[in-house]
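>>> sequence and predicted model, in that order:
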Amino acid sequence: LRAPPDLIRCLHGGMKQNKREGILHGFREGNIRVLCATDVVARGLDVPELDHVINYDLPGDSDAYVHRVGRTGRAGRRGTAHTFILAGDNRAPLIARFIAKQQGTALPEDVLAIIHDIELHGRAATERPKYKDHARVAGKDWRVYGSAKSIKPEERRYVRGYGHVLTIKRPTPRKEK
């Protein structure tokens with residue numbers, strides 16, 4: 001994070017409520033430009049001009065993911081959410097497939113390779129390949145007005161953020177056991 005120190009603040013559940021509220025007030029007013037936070041702000045935070053959310057790690061489930069990325073692009077505005085997926089993170093297959101299903105897109109081959117490796121070898125596999133770079137997944141917040149099944153995809157009005165699946169580097173293919 002490259003910004004003057006007075007423009008960056010951290011927020012977490014271990015802070016006193018009045019300190020958290022002061023930081024949030026500064027963030028809403030634009031005096032704080034970067035807010036690094038735990039899931040303490042995943043629900044209930046409404047900052048009208050917030051246009052980016054960066055998930056440093058994956059949430060535990062798809063519902064938590066929706067709440068995290070739902071902080072951006074509120075009230076019909078555009079927003080972008082980026083999520084870093086580390087090779088070996090066993091939450092990656094669930095979240096990445098959830099994102100692809102909700103967007104109606106296929107995952108790129110390099111993301112599929114990472115997911116396949118995680119499913120084959122899990123987090124603790126000592127023979128797991130080491131990736132120099134990580135895959136990045138940015139996703140839509142998929143809440144739509146009305147029932148998702150009753151609305152044609154081209155007629156859906158997305159409420160919040162917009163994104164797509166990207167990767168930085170393709171991992172080396174592994175041989176099946």
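On my side now, so go ahead.

>>> where does this structure have low pLDDT?
Along the chain, segments meeting pLDDT under 70 span 1-3, 73-74, 86-88, 122-177.

>>> where is the longest strand in it?
strand 80-85 (DSSP state E).

>>> buried ones in stretch 54-74?
54-55, 58-59, 62, 64-74 (16 or more other Cβ atoms under 10 Å). In short, each C-beta sits where N, CA and C put it, glycine included.

>>> before we move on, the earlier item: name the helices or strands packed onto the longest strand of the chain?
Judged by 3 or more Cβ pairs under 8 Å, 6 or more residues apart in numbering; DSSP states H and E, strand 80-85 is in contact with strand 52-55, helix 62-69, helix 92-103, strand 135-137.

>>> what angle separates that strand from helix 92-103?
150 degrees (axes from the mean of the first three to the mean of the last three Cα atoms, to 10 degrees).

>>> which elements pack onto the helix or strand encompassing I114?
Taking DSSP states H and E as the definition, I114 sits inside helix 109-121. On a contact count with 3+ Cβ pairs under 8 Å, 6+ apart, helix 109-121 meets helix 92-103, strand 135-137, strand 165-167.
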